[in-house]
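Provide a 3D model corresponding to the input given below.
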Amino acid sequence: MDKTASPLPAIESRHVDPHAYPAGVAFLDGQYLPMSQAKISVLDWGFLHSDATYDTVHVWNGRFFRLDLHIERFFGGLERLRMSIPFSREQVSEILQNCVALSGHRAAYVEMLCTRGASPTFSRDPRDAINRFMAFAVPFGSVANAEQRQRGLHVAISDRIRIPPASVDPAIKNYHWLDLVRGLYDAYDRNAETALLLDFNGNVAEGPGFNVFAVKNGRLTTPAIGVLAGITRRTVFDLCAELGLDCTAADVSVPALKEADEVFITSTAGGIMPVTIIDGAAVADGKIGPVTKRLEKLYWDKHEDPAWSSPVHYG
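Okay, here's the model as predicted:
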């Protein structure tokens, strides 16, 4: 026996759950449950092989933001992965509404997901697995905390290469995060707060759950290849069109990012968030720039606009 191994827990202590679950409500197998009771089989392909797709939407001040776009992308991922669920788009919307309403959260992080599921015979053929849909709503969490939003994030550019689109289609929102997690540890080792990874050509790609934008001479550029086309990324394009700003998807080299006048990242988990330090050096003068501020304000203003958001009906 390995003397360094931890002893097995005593039977009488097994009622103590070492995991802390956020307060929230989940939908699983046709019923609504507390988050702590929402569980899947260890034989589920989603767990064993990251064979799953998902999408997230947030609720702010009791309103979903661009819910229709998130649901459409989710169903696109299902189709590409040859998965199916017994719910229509309208029914998924209703399930998400119910999760939020039952949780009571006015600011929530809401997720819909489908795993390949498990095979009743433990077959190696993915066609034998029974696809499994679930959803949940938990308190809203942001990539950047309040202090980081005020002074800008400190980012490190990792040498890690983001999974190329020829291997995993970035249009399918997925849980293949090992490259992103290793990038995060690279950033932490350099005293940064989050990371950006490179694409297969050595250009900037994306970070753990977010896209990136560079602003130079009033023009915005965001990486075009090997990245998830985020809904918040799309929202920036829409906001720029409204403001008359030029915004382009194109290659962004590491030097171009570091020489930008402004840099910000975008995510459903936080919206538009400024970056003021890259690899230990300030972006421009190290202060949050006017374009970022203008877009961030308009982004949050749109959360009250019925054309961009929809209310949660709290019972």
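
List the residues that contact the residue nearest the centre of the chain.
Centroid-nearest residue in the chain: residue 209, 4.1 Å away (criterion: C-alpha atoms, centre = their mean). Residue 209 makes contacts with 143, 180, 267, 269, as judged by C-beta atoms under 8 Å, 6 or more residues apart in numbering. Bear in mind the C-beta positions are built from the backbone N, C-alpha and C, glycine included.

Name whatever forms a beta bridge with the third one.
This points to residue 267. As for beta bridges, residue 267 partners with residue 271 under DSSP bridges.

separation between it and residue 273?
Separation of residue 267 from residue 273 (C-beta to C-beta, to the nearest Å): 7 Å.

swap in residue 82?
Relative to residue 273, and taking C-beta to C-beta, residue 82 is found at 35 Å.

And those two? Which one has more around it.
Comparing residue 82 with residue 273 by other C-beta atoms under 10 Å, the one with more neighbours is residue 273, at 24 against 10.

that older thread, which residues are in contact with each of residue 267 and residue 273?
The contact sets of residue 267 and residue 273 overlap at 143, 210 (C-beta under 8 Å, 6+ apart).

any idea how the protein splits into domains?
Domains of the chain are assigned by the TED database as 25-139, 146-303.

Distance to residue 312 added to these, as JSON lines?
Below are the domains of the chain laid out as JSON lines (distance: least, C-beta to C-beta, whole Å):
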{"stretch": "domain 25-139", "distance to residue 312": "5"}
{"stretch": "domain 146-303", "distance to residue 312": "12"}
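
so can I have TSV of those domains showing mean pLDDT and distance to residue 315?
Below are those laid out as TSV (pLDDT from 0 to 100; distance: least, C-beta to C-beta, whole Å):
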stretch	mean pLDDT	distance to residue 315
domain 25-139	97	6
domain 146-303	97	22
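
Quick one, which of those domains gets closest to residue 309.
domain 25-139 (4.3 Å; C-beta to C-beta).

hang on, the earlier thing: please tell me which one of the contacts of residue 209 counts the most neighbours.
Among those, the one with the most neighbours (other C-beta under 10 Å) is residue 267, at 23 neighbours.

give the contact list for it.
Applying C-beta under 8 Å, 6+ apart to residue 267 gives the contacts 143, 209-211, 230, 232, 273.

what do you get for residue 111?
Residue 111 makes contact with 54-57, 135-137, according to C-beta under 8 Å, 6+ apart.

Try it again at 10 Å.
Residues counted as contacts of residue 111 (C-beta atoms under 10 Å, 6 or more residues apart in numbering) are 24, 26, 54-57, 70, 74, 96, 99, 134-138, 268.

next one: residue 204
Residue 204 makes contacts with 157, 162, 196-198, 212, 214, 221-223, 227, 251-254, 256-258, 263, 278, as judged by C-beta under 10 Å, 6+ apart.

Just the buried subset of the residues you listed, please.
157, 162, 196-198, 212, 214, 221-223, 227, 252, 257-258, 263, 278 (16 or more other C-beta atoms under 10 Å).

re earlier: of the contacts of residue 209, closest to residue 247?
Proximity of the contacts of residue 209 to residue 247 (C-beta to C-beta) peaks at residue 267, which lies at 17.1 Å.

how near is the closest one to residue 131?
For residue 267, the distance to residue 131 equals 27 Å [C-beta to C-beta].

all strands of the stretch 51-200 of the chain, in order?
Ranges of strands in the stretch 51-200 of the chain, per DSSP state E, counting those that start in this stretch, are 52-60, 63-65, 108-118, 130-139, 153-161, 194-198.

Which one of those strands lies nearest to residue 205?
strand 194-198 (5.1 Å).

Mind giving me the packing neighbours of that closest one?
Applying 3 or more C-beta pairs under 10 Å, 6 or more residues apart in numbering; DSSP states H and E, we find strand 194-198 packed against strand 153-161, helix 178-189, helix 254-258, strand 262-267, strand 271-278.

Any chance of these in TSV with distance to residue 244 as columns?
TSV is the format used below for the helices and strands packed on strand 194-198 (distance: least, C-beta to C-beta, whole Å):
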stretch	distance to residue 244
strand 153-161	27
helix 178-189	34
helix 254-258	23
strand 262-267	17
strand 271-278	18
